[in-house]
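Peer 1: model the following, please.
(8 chains, ligands or ions: 10)
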Amino acid sequence: MAMRREVYIVGSGGQGVVLMGALLAEAYALKNWNVVQTVVYDAAQRGGLARAEVVMSDSEIYYPKVRKADVIVAFAADALPGARPKMDEHTVILADESLKDKNLEQYGTKLLFVPFERWAKEELHSSRVMNMVALGRVLKTLGDVSIDEVEQALKERFKGDLFKLNMAAVKIGLEASEF
Amino acid sequence: MAMRREVYIVGSGGQGVVLMGALLAEAYALKNWNVVQTVVYDAAQRGGLARAEVVMSDSEIYYPKVRKADVIVAFAADALPGARPKMDEHTVILADESLKDKNLEQYGTKLLFVPFERWAKEELHSSRVMNMVALGRVLKTLGDVSIDEVEQALKERFKGDLFKLNMAAVKIGLEASEF
Amino acid sequence: MVNENDAEASFVPMSSAPDKWLRKEHLPHIWCPGCGIGTILRQVIEQFTKLGWKNDDVVFVTGIGCTGRASGYVNAQTLHTIHGRALPTATGIKMARPDMHVVAMLGDGDGVGIGGNHFIHAAKRNIGVTAIVVNNRIYGMTGGQVSPTTPQGSKSTTTPYGNVEPSMDVCKLALGAGATFVARVHTANPVYVGQIIGRALQHDGFAVVEVLSQCPTYFGRFNGMPDPVQMLQWFKENTFMAKSPEDEKEGKIPIGVFKDDKTTPELSKSYRNLWEA
Amino acid sequence: MVNENDAEASFVPMSSAPDKWLRKEHLPHIWCPGCGIGTILRQVIEQFTKLGWKNDDVVFVTGIGCTGRASGYVNAQTLHTIHGRALPTATGIKMARPDMHVVAMLGDGDGVGIGGNHFIHAAKRNIGVTAIVVNNRIYGMTGGQVSPTTPQGSKSTTTPYGNVEPSMDVCKLALGAGATFVARVHTANPVYVGQIIGRALQHDGFAVVEVLSQCPTYFGRFNGMPDPVQMLQWFKENTFMAKSPEDEKEGKIPIGVFKDDKTTPELSKSYRNLWEA
Amino acid sequence: MNRIVMGDVACAMGAIDAGLRFYAGYPITPSSEIAETLSEMLPKHQGIYLQMEDEIGSIMAVIGASYAGFPAMTATSGPGFSLMQEAIGYAAMAEIPITIVNVMRAGPSTGLATQIGEGDLMQAIWGTHGDHPVAVFSPGNVREFYIYTQKALYWAEKLRMPTIVLADEVVGHMRQNVDFPEPIVIPERTLPNVPPEKYLPYATENGDVMPLPPLGKGYTWHVTGSAHTENGFPTIRPDKVKELLDRLNTKVQRHRNELIEYETFMLEDAETLVISFASMGRVSKGVVSELREQGYKVGLIRPFTMWPFFKDELSNIVSNVHPKKIVVPEINYGQLRLLVEWALKGFDIPVIGVNLVNGDLIPPEMIEEAILHG
Amino acid sequence: MNRIVMGDVACAMGAIDAGLRFYAGYPITPSSEIAETLSEMLPKHQGIYLQMEDEIGSIMAVIGASYAGFPAMTATSGPGFSLMQEAIGYAAMAEIPITIVNVMRAGPSTGLATQIGEGDLMQAIWGTHGDHPVAVFSPGNVREFYIYTQKALYWAEKLRMPTIVLADEVVGHMRQNVDFPEPIVIPERTLPNVPPEKYLPYATENGDVMPLPPLGKGYTWHVTGSAHTENGFPTIRPDKVKELLDRLNTKVQRHRNELIEYETFMLEDAETLVISFASMGRVSKGVVSELREQGYKVGLIRPFTMWPFFKDELSNIVSNVHPKKIVVPEINYGQLRLLVEWALKGFDIPVIGVNLVNGDLIPPEMIEEAILHG
Amino acid sequence: MNKFDVSVDTRLCKACGLCVLVCPKKVFELRDEDGKSVPVNALACIGCTQCYQICPDFAITVYKKEGALA
Amino acid sequence: MNKFDVSVDTRLCKACGLCVLVCPKKVFELRDEDGKSVPVNALACIGCTQCYQICPDFAITVYKKEGALA
Ligand SMILES: Cc1ncc(C[n+]2csc(CCOP(=O)(O)OP(=O)(O)O)c2C)c(N)n1
Ligand SMILES: Cc1ncc(C[n+]2csc(CCOP(=O)(O)OP(=O)(O)O)c2C)c(N)n1
Ligand code: SF4
Ligand code: SF4
Ligand code: SF4
Ligand code: SF4
Ligand code: SF4
Ligand code: SF4
Ligand SMILES: [Mg+2]
Ligand SMILES: [Mg+2]
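Peer 2: Numbering: from 1, shown residues only, chains lettered A, B, ... in the order given. Ligands and ions are numbered 1, 2, ... in the order given. Okay, the predicted model is just below:
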């Protein structure tokens, strides 16, 4: 059977949803998997919802969007109702801890609150890289990609300090123990 | 059998081709015949050819253009080659005498040169009404419409002196004996 | 902050009436933080209030773009038309109903890019429509492409090497086409924006108010002013009050009312003279 | 008349060279007797001759209309495009081939009616195209409907009660949009038409020459001047030499060169700076 | 009253008699006579004639005026019709009633500006982007031009959508004596029977569209060409989008039986069936009539409604008549034929096109030839 | 080389690799990334990027540049595509090679500006007035977007006509890892092999179009969108008009076998045949593949050339495979289905549409449902 | 006693900082969590309404004490 | 002896009369039959080319005697 991974990332515009999806895809591509990323913008691109769907497979990808997500990453809660058809009992939801009061329990049992933003802020003094923390965390959950492959993917995007910052953020996510 | 009359009028822009066709149609309409007039303009409306086709019938008219003309009126020779498919051995060609050197004999035997313009000029001092002279001549050839009907049709179009001038021109054509 | 339950409080909102002009249920609006369109819209409805107009006496027409979304928030008879076509739509409305106040709010691309022909012809006709051109000098809605009003040399997603073309002057264009009221203002001075829009709304003929506005998200970000505060500062420093858009001063942008001609008859009214005939 | 066989005759045509610019085999042309378009075209090709241009260095572009038919008669690289779209076509040509002389001849409807947006944007860009606007103040080709330049009060087939709208001033519009060469002339003075067109052809940027022209068939006939001679008389009596299209004199139309700015860079050339980068 | 009227003039008269109060347009042969006639008539009927800067401005002004309560239309020919396509989609999406008359000439492009073509049929149905509701009527003579202009105006208002009249140069320019029927009058706008705060401009009323509120009566509803909910405000909610688009695309279907009009002629025992529209429908009728007189078993259908297409009706007719072949004369390269073939999926009957685009009507002989030997 | 590329970027890269030297356009979602990429790349390839005042200006500038010898294209989405219709007809009539990329979004009108639709198929074929030659290609993934942009540019030049690439929002915006094939290069302009006075720009050469002379080489030929004779000058002579239009409409037919491309998948013994294009073709392929694994007899055709339509090929396939039913999933109300039904006239096989327009891809389940129980 | 008061609708505020820029009395501060504006110094308000006029998000209301002189 | 001569191409002339209007020497007359222009007084021509410049129909040629002073 073909291996297929489906990740759904929801957030607000500006939270780095698309970039996170792209890097996830690129890391898998370096393993010679097929990858597809699609994005849904709101009519207004700003402020509104941003959703990235990343599908990775070792064989051909036909349906380019997520059918049943392996992982859902949530930086904002608003888009989750719309994502419900893409979840099932196996879906792991990784939500920023700021969403604790949003009644996310309704979406499933494999729900984990992770302090993406707090870690980024506290440890790297940059809440902007919370998406990279989340990327690390997703990679950890999926378990297909080695740290070298992520590093490679990041290197193709970022240079110098920016690379270091982002890589550090990914590592935080990758190495996070359940807390 | 239904009665159908087909008249094809060719000339240059400004020679009153369309007006002549309209009055012909109106005269027959007053007899309760069905009438249809169509006009072909050149891409440039001016100077170029003007062709009016008038079809009159006591029953419904389907094909609105001339198939085999009963009468062709020619003020200019240029459009005649294009009209050839609309002629047969019964077609009467009434050509202005100025076209005598245009080798119109090629188009058929029932060819008559009539001095439309000269009569209009000589008798009414207005070469503009040569189209009305021709109208009279056509009506004479077809023989369906009485002078009263023509008069009525002209009255609906023209007032006062203009009516008189045009009516006089029609009469010249109607009463012309073969010469 | 006011505590509404405080027995002592007898504070009342200083400008509550404009709220009757807002479709509050549709807020927050879609515009980015610090985008000037909201400020301009505030000024427009402030004037509606001042003029004492009724909601259903105002037809508010927009095209497509960030600016185009304004019609959704105004509690009036509103049309969100297609890109560039607000003015001919407004013209049809005004011709049919000269008694309506017809206001069009246009983006720069919407108004003088794709809609340029309608703009000059609305001016030529002197149709009684107020055209407020929100000139953020960029295509905001589509993600920051160059617009006809983008300054030469400026960056955008489609001028990665800087804009090669000269830019269009909305006010000069309006004057050249025959608009009877023409003014330029900017969002760093909102009250002045309101004053001028107020005059334009009362003008009986085609009135153009070009409002220089900040798009921090694209124009600002690509051109070294990602913070709206920087952009407002720029407006303050790079404009001057003038009598004509031809006036020059150290490369700055002239601001002010450039034309206010009350003699040319408004079209929807003059057309009705034919009815009497 | 010259008898070519006359042994004594040593007469030569004074201006035979322009004939190399005419597609004689397509004459007589389609225009009405006394129509001004032919006179203007004569002046255009006269200037081509004077400038010593080669036939295949000139791209001559028109839209649709009586004026639009001009491209068929000029012995150059000619395009008869669609109504209103000669200028963007010319822009594409010039951008690809800056070495070509690109000339567009537009009707008033073609140029500032349906083509108005392209007109103002060609001006804004300062693309190196010479735009000759044949302003006969009517839609000639379609049979005499009102045009944007038809004077207020004038009759046409669609203004049977007289034109209610004010009319568009082509030169003011061109100036407002940023054209770098702008002039107005009329057919009653053909040599002056030629002189000014000559200057426009040499201008390195967007050049507009508005030529007031007679359409005796429609404009003239509907407005009491069916004879072209009357129309030329009218031009003479109702125009005056001026410095600006804003100049006023007893309600007459200003004529002259209103702008000739040689400093603004031409677009097709300035764009190529990007290539070096 | 029997008078000689030009087709374009009949169109204008029909519109005025139906209650038209606004026309905006841009001149183009062979439709300009509609504009010219209306520029004279409209002011006498408290109406407005506006010549706009182009066809896009024209149709938008028509949309604006219709929104403002004036029954409104425009007329054009191919090039202008192409330019109007985007706005037709807007009228469809915003559900503003408008009528567009296209007096077809030969295309593509400038083509033959003064001569007949019938090549805009598919464009009239599918010319704008996205699927959209539309009704397309096509008259074959002067009297029908009067009638179908009125029907188009009527249905535009009734279903709040763009409707199209597809005439052609011969229909538009021919002068014919006609006896006009009683006019079909555009329904008047009435106040919705709910107060402004309850009004949902894009909900349905008995399955049909909501009435359009007149301006200045307290209804401050929102109009947009973006996907929207019942209240008119933009949405991207998939269920709401689907609901809207499904409704737009079925509102025409709900009235298809009333909308669809066609004429049948001598169908009984016909072995050859001729299907033809616009001027060629008229010409074909003559051919069929002549051949019947000569004893040939040939019948005719002349559709007046080109969309919604009379698919079911046609297959019913074919099932009953079972012709051996079908002949479709049209001044294009087979647009109506394609629709006929589509409608007759499952029937193994040859459909023969008679196609000629040269600026003129297709001569009766060519049609006869196809009927007898095609 | 395997890299992750967005569809729109692949389109731009394909164009550059094919030899594009001119792009003029007007921004519109979801096509703007094509413009953005080209604004950066073209100057590096001695090419020109021009943002025009609107879509009409854009396509006319493209026509001008192509006439002047620069291979040229534009890209847009539905609303802009509607505005370009008149000019597409001009390019067809004047026989100037141009390519238009339409990245479809949901319509009609502004619709859903950022979301997928596939409702412009009919418009791509028939959007301008009059019958005209056109070739329409439709890619279903990023790699195909690269390839079919090149083929469109190639065929435009080869047949001197407008060609259209019909992508959709998902194809345009998705990022995918791809391995681009060798580029297809736009044929170069060569001097005609006759001197200027003998050159007939609208005659045929071995049945094909005459080569376009470069500017400044003595060929002062005339271009017009009006009907014209071989030498390019306007005519209204019926025989000449017919000759021209017949030639335009057959020049595509002459190359139909080369133009028509489609993919077949698991057709053998298929009892259900799925036909689907653009993004839905890709999705459908996944459904077919899964169902085959489950043992269902289902096959797929994915057309890449939407026009000329693969009518004969389709009926051949259907004759050989004889499926019991055909399923056509598409994000519109049945445009491809109509073409399929038309192509299969005479076959009594049910054609079932799977249609949903709500801003998203049609879910595989809906297609599965139609295959298994439809 | 203060004649004016001012409130920010936090639901609407988008943290652009323009009110901070224009207020002559430094009434506003952007709060740490999300940058939204808080009228921390509302008592200093002089009712000039500049914040109200410029706020692009319709988030600010300025209140005046009934009967007080402006 | 005349230094100039002038001819009208009758095939092209459309009888508009503009040459008659502009010629300072009354060289042209419109002939009765069809109103076309005839240079009845060609010997009077002074070679000013005004007729040539204005003729909308490209019908007029003005000739100059080779070697003669203009
Ligand atoms: C015909 C058409 N072309 C293009 C677009 C895409 N589009 C939407 S908004 C816009 C431009 C927005 O810029 P502007 O008018 O300046 O408004 P802003 O967003 O900056 O307020 C464009 C090009 C469209 N919707 N319709
Ligand atoms: C899109 C389009 N709309 C309308 C027309 C019809 N049309 C042809 S020429 C013309 C106007 C001609 O007027 P103008 O441009 O002033 O040129 P003139 O004939 O007066 O020289 C019009 C409206 C057309 N060909 N294409
Ligand atoms: S993109 Fe620019 S114009 Fe649009 S809302 Fe954001 S800041 Fe305002
Ligand atoms: S109609 Fe007018 S513009 Fe056209 S050729 Fe005749 S005179 Fe000239
Ligand atoms: S101006 Fe308005 S939106 Fe901006 S920070 Fe202040 S209250 Fe918030
Ligand atoms: S009203 Fe004036 S003083 Fe008061 S908070 Fe606003 S800006 Fe500051
Ligand atoms: S000006 Fe020319 S066309 Fe007119 S009368 Fe003289 S020669 Fe003839
Ligand atoms: S050249 Fe001068 S003088 Fe001679 S005929 Fe012409 S206008 Fe008269
Ligand atoms: Mg903008
Ligand atoms: Mg004109």
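Peer 1: can you give me phi and psi for residue E:281?
Peer 2: Backbone torsions for residue E:281, taken as degrees, to the nearest 10, come to phi -60, psi -40.
Peer 1: my understanding was that it contacts residue E:287; is that so?
Peer 2: No. At 10.8 Å, residue E:281 does not count as touching residue E:287 under the criterion of C-beta atoms under 8 Å. Any C-beta I mention is one placed from the backbone N, CA and C, and that applies to glycine too.
Peer 1: all helices for chain G, in order.
Peer 2: G:18-22, G:50-54 (DSSP state H).
Peer 1: and the last one, anywhere near ligand 6?
Peer 2: Yes. Contact between helix G:50-54 and ligand 6, assessed by C-beta under 6 Å from any ligand atom, occurs at G:50-51.
Peer 1: mind listing what the closest residue to residue C:80 other than its chain neighbours touches?
Peer 2: Residue nearest to residue C:80 in three dimensions, not counting chain neighbours: residue E:224, with 4.0 Å by C-beta to C-beta, 6 or more residues apart in numbering or on different chains. Going by C-beta atoms under 8 Å, 6 or more residues apart in numbering or on different chains, residue E:224 touches C:71-72, C:79-80, E:93-94, E:232-234, F:110.
Peer 1: then residue A:7?
Peer 2: By C-beta under 8 Å, 6+ apart, the contact list for residue A:7 reads A:21, A:24, A:53-56, A:66, A:69-73, A:138, A:142.
Peer 1: same question for residue C:88.
Peer 2: Listed by C-beta under 8 Å, 6+ apart, the contact partners of residue C:88 are C:118, C:122, E:24, E:52-53, E:56-58, E:60-61, E:64.
Peer 1: ok, and which of these reach chain F?
Peer 2: Residues of these in contact with chain F (C-beta under 8 Å from any C-beta of the partner chain): residue E:56.
Peer 1: so, low pLDDT: which residues of the stretch 151-277 of chain C?
Peer 2: C:277 (pLDDT under 70).
Peer 1: which of the contacts of residue C:88 fall in strands?
Peer 2: With strands taken from DSSP state E, the overlap with these comprises residue E:24.
Peer 1: tell me which of the contacts of residue C:88 is nearest to ligand 4?
Peer 2: Closest approach to ligand 4 among the contacts of residue C:88 (C-beta to the nearest ligand atom): residue E:53, at 19.6 Å.
Peer 1: ok, now which ones touch that closest one?
Peer 2: C:88, C:117-118, C:120-121, D:113-114, D:116, D:148, E:26.
Peer 1: lowest confidence element among the helices and strands of chain G?
Peer 2: strand G:60-65 (a mean of 92; mean pLDDT, DSSP states H and E).
Peer 1: now do chain A
Peer 2: Going by mean pLDDT, DSSP H and E, chain A bottoms out at helix A:80-83, a mean of 82.
Peer 1: average pLDDT across the helix or strand following that helix?
Peer 2: The helix or strand immediately downstream of helix A:80-83 is strand A:92-96, counting by DSSP states H and E. Taken as a whole, strand A:92-96 has a mean pLDDT of 94.
Peer 1: show me what strand A:92-96 is packed against.
Peer 2: Judged by 3 or more C-beta pairs under 8 Å, 6 or more residues apart in numbering or on different chains; DSSP states H and E, strand A:92-96 is in contact with strand A:71-74, strand A:111-114, helix A:130-142.
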